[in-house]
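In: Sharing a model prediction with you, sequence too.
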Amino acid sequence: MDAAKGSIRQRGSGSFELRVYGGTDPASGKRRWLTRSVRGDRSAALRELKALAAHAKRRAGGRGAQDGHRG
């Protein structure tokens with residue numbers, strides 16, 4: 001998974017923070033980030049990251065992270 005879709009950060013033993021760009025808020029113009037904490041190994045975190053990235057893409061209307069706002 002490339003950096004444009006999201007990132008994984010290890011928080012502790014068996015705990016990871018996932019972060020995915022969710023587009024730009026149309027009202028405020030600010031960037032939206034979707035975050036989630038998961039327990040397990042890195043491969044489980046990667047699976048969750050893919051699911052979170054898919055959710056962000058659906059939420060942005062099927063657009064990629066570069067043009068994720070609805071304007």
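Out: Arrived safely. Residues are numbered from 1 along each chain as shown.
In: what's Arg11 in contact with, if anything?
Out: 17, 37 (Cβ atoms under 8 Å, 6 or more residues apart in numbering). The way it works is simple: take the backbone N, C-alpha and C, and place the C-beta from them, glycine included.
In: Helices of the chain, residue ranges please.
Out: For the chain, the helices defined by DSSP state H cover 42-59.
In: mind showing which ranges of it have poor pLDDT?
Out: In the predicted model, the chain carries pLDDT under 70 at residues 1-4, 62-71.
In: got the phi/psi numbers for the spatially most distant residue from the centre of the chain?
Out: Of all residues in the chain, Ser13 has its C-alpha farthest from the mean position, at 21.4 Å, by Cα atoms, centre = their mean. Per-residue torsions, Ser13: phi -70, psi 110 (degrees, to the nearest 10).
In: For Arg19, see how far away it is.
Out: In this view, Ser13 and Arg19 are 20 Å apart by Cβ to Cβ, to the nearest Å.
In: same check, this time on Lys50
Out: For Lys50, the distance to Arg19 - Cβ to Cβ - is 13 Å.
In: And Ala27, by the same measure?
Out: Where Arg19 is concerned, Ala27 sits at a distance of 22 Å (Cβ to Cβ).
In: who's more crowded, these two?
Out: Arg19 (15 against 6; other Cβ atoms under 10 Å).
In: give the contact list for the more buried one.
Out: 6-7, 9, 33-35.
In: swap the cut-off to 6 Å and go again
Out: 6-7, 33, 35 (Cβ atoms under 6 Å, 6 or more residues apart in numbering).
In: Filter these down to the buried ones and hand me the ChimeraX line.
Out: What follows is the ChimeraX syntax selecting those of these that are buried according to 16 or more other Cβ atoms under 10 Å:
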select :6
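In: With distance to His55 as new columns, can the contacts of Arg19 be given to me in TSV?
Out: Formatted as TSV, the contacts of Arg19 follow (distance: Cβ to Cβ, whole Å):
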residue	distance to His55
Gly6	11
Ser7	15
Trp33	13
Thr35	12
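In: Out of the contacts of Arg19, list just those in strands.
Out: 7, 33, 35 (DSSP state E).
In: what's the closest non-adjacent residue to the second one?
Out: With sequence-adjacent residues excluded and distances taken as Cβ to Cβ, 6 or more residues apart in numbering, Trp33 is closest to Arg19, at 5.7 Å.
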